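S.K.: Below is the structure, and that's it, no one-letter string:
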Ligand code: NDP
């Protein structure tokens, strides 16, 4: 596939390409241009040229284009989902969820367009003021590989609705569905240059985008260290930033919880997308009184997970997205084993056998009695490994939950309203779920505390994050 600049497909000018391989089989699916700083400059120029026309359209007109795009995405969701599974590895069922989630986001922002923007402020004798919102200008979006479609939606929906134009950089391992979606948005009526996609490496294309003086805002989702680097680079031009830098979400299960429901919550919360989700359950704290029964049931469910190619009809969990990600996870589990930092109840290694030899598969893994200073607890555990710890009471659970430097999400499983209130008041996280984990619908603002990042995505608030107020003060 080619890049998408100014509403056209653009090949690699100097004939350098990145290969996109299926993480389940190692097969080459396609190749995309290894873009350059020059390609970024061209895309920014196109986006700047498209800005005035796009800004002038009413919010409702922009919303209608997003709505048409959502219709097209729904019509083509099966093909898009197959492409997503092929490049990312997730089970087809999850890819379908994600593609439909993208359509949901566009529809949501089309609906937001019907809300009045701006306000009039009566100031008595000194006059009246009119406060309007206007777009920031050309924005940059940097997308990760774990949920490339959904996260493209979180950025494109509010940014485009607010009247900005965009240059988007997909992750190098998952650029294909992003490129296809950009084409669909153009077919739905986006004027050429409003949305541009430049493929290529983070160090070249990503950094060129962040450094470009005409980019007014960068929205980034990914690794904390990369986010810090982006923040440094962006400070040169005092750019606006939204940074979503991951999490280490705790799940707290109290002794009054519905155990079966919580077991299913932990299973889905941890192993969905092979654990490569920013809000996955990454630390499980169970009340002492129910820990034995809970762990036994959870182990049985984990051991029964069907791991394989995401396109297989019975696959519950696919491979990790890349060899690098699998090595990272394997290293963390090996270190835990070597240091005696936990007991591996099931899994704990790379899957062997013919069906797995060319893919990046890792066993769904359950580790109990995990030491609080184990790397499984202190680092972001971005894969199918669940560390479990027991707690004697709610006080201990809250203290443990707050030991992380991240603060993206957290869940508590209980029937007690008082417990719920305490967790909401005392656990440091942007979203607290009760008897649920993972779900992030477009209506709800999403973002973290601490090193999970800055800014919020989703909800109508996200439109504010892609616009600024200006005031007309009328002194009578
Ligand atoms: P990165 O943060 O490196 O990648 C995310 C995106 O940023 C990709 O598009 C990448 O491009 C781009 N990028 C990389 N370096 C730069 C740079 N210097 N300037 C601008 N853009 C850049 O994540 P990794 O792939 O290294 O993943 C490592 C870890 O990060 C995971 O194990 C996980 O812990 C965390 N992570 C968290 C995510 C979340 O949703 N919170 C998502 C992804 C990762 P390219 O692909 O070309 O390198």
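M.R.: Yes, it's here. All values derive from a computational prediction rather than experimental measurement.
S.K.: Name all residues that make contact with the residue most central in space within the chain.
M.R.: Closest residue to the average C-alpha location of the chain: residue 151 at 4.7 Å, with CA atoms, centre = their mean. The contact partners of residue 151, by CB atoms under 8 Å, 6 or more residues apart in numbering, come to 143-144, 221. C-beta coordinates here come from the backbone N, C-alpha and C atoms, glycine included.
S.K.: Intersect these with the contacts of the ligand.
M.R.: Contacts with the ligand within these, counted by CB under 6 Å from any ligand atom: 143-144, 221.
S.K.: can I get the contacts of residue 151 in JSON lines with distance to residue 169 and pLDDT?
M.R.: Putting the contacts of residue 151 into JSON lines (distance: CB to CB, whole Å; pLDDT from 0 to 100) gives the following:
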{"residue": "143", "distance to residue 169": "7", "pLDDT": "98"}
{"residue": "144", "distance to residue 169": "11", "pLDDT": "98"}
{"residue": "221", "distance to residue 169": "11", "pLDDT": "98"}
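S.K.: Go through those residues and name the one nearest the ligand.
M.R.: In terms of CB to the nearest ligand atom, no member of these lies closer to the ligand than residue 144, at 3.4 Å.
S.K.: contacting residues around residue 107?
M.R.: Taking CB under 8 Å, 6+ apart, one finds 66-67, 70 in contact with residue 107.
S.K.: Stretch 30-50 near the ligand anywhere?
M.R.: No. On the criterion CB under 6 Å from any ligand atom, stretch 30-50 is out of touch with the ligand, staying 9.4 Å away.
S.K.: so how far is that stretch from its chain's centroid?
M.R.: 23 Å (CA atoms, centre = their mean, to the nearest Å).
S.K.: do stretch 164-177 as well
M.R.: When C-alpha coordinates are averaged (CA atoms, centre = their mean), stretch 164-177 and its chain have centres 13 Å apart.
S.K.: So for it, mean pLDDT?
M.R.: Per-residue pLDDT values over stretch 164-177 give a mean of 98.
S.K.: Residue 400: neighbour count?
M.R.: 19 (other CB atoms under 10 Å).
S.K.: Point me to the helix or strand that includes it.
M.R.: Element membership for residue 400, per DSSP states H and E: helix 394-401.
S.K.: Can you point out the buried residues in that helix?
M.R.: Residues 394, 396-398, 400-401 are the ones in helix 394-401 that count as buried (16 or more other CB atoms under 10 Å).
S.K.: Closest to residue 157 out of the residues you listed?
M.R.: residue 401 (31.0 Å; CB to CB).
S.K.: ok, the residue nearest to the closest one when sequence neighbours are not counted - contacts?
M.R.: Among residues not flanking residue 401 along the chain, residue 250 sits closest, at 3.9 Å (CB to CB, 6 or more residues apart in numbering). If a contact means CB under 8 Å, 6+ apart, then residue 250 has 281-285, 397, 400-401, 404, 410-411, 427 as its contacts.
S.K.: A strand includes residue 250, no?
M.R.: Yes. Residue 250 sits within a strand when classified using DSSP: H, G, I helix; E, B strand; the rest coil.
S.K.: hmm, back to that, compare the contacts of residue 107 and tell me which is most surrounded.
M.R.: Most surrounded of those: other CB under 10 Å gives residue 66, at 27 neighbours.
S.K.: Could I get the pLDDT score of that one?
M.R.: Per the predicted model, pLDDT is 98 at residue 66.
S.K.: dump the residue contacts of it.
M.R.: 106-107, 109-110, 113, 157, 160-161, 188.
S.K.: Got a PyMOL select line for the buried ones in the residues you listed?
M.R.: A single PyMOL command is used to select the members of those judged buried by 16+ other CB under 10 Å:
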select buried, resi 106+107+109+110+113+157+160+161+188
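S.K.: Tell me which stretches of the stretch 251-400 of the chain form strands.
M.R.: 281-287, 343-346, 365-368, 385-391 (DSSP state E, counting those that start in this stretch).
S.K.: Serialize these to JSON lines and add fields for mean neighbour count and mean pLDDT.
M.R.: Formatted as JSON lines, the strands of the stretch 251-400 of the chain follow (neighbours: other CB atoms under 10 Å; pLDDT from 0 to 100):
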{"stretch": "strand 281-287", "mean neighbour count": "26", "mean pLDDT": "98"}
{"stretch": "strand 343-346", "mean neighbour count": "16", "mean pLDDT": "97"}
{"stretch": "strand 365-368", "mean neighbour count": "24", "mean pLDDT": "98"}
{"stretch": "strand 385-391", "mean neighbour count": "25", "mean pLDDT": "98"}
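S.K.: Would you mind giving those strands as a markdown table with distance to the ligand added?
M.R.: Output for those, formatted as a markdown table (distance: least, CB to the nearest ligand atom, whole Å):
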| stretch | distance to the ligand |
| --- | --- |
| strand 281-287 | 10 |
| strand 343-346 | 20 |
| strand 365-368 | 16 |
| strand 385-391 | 12 |
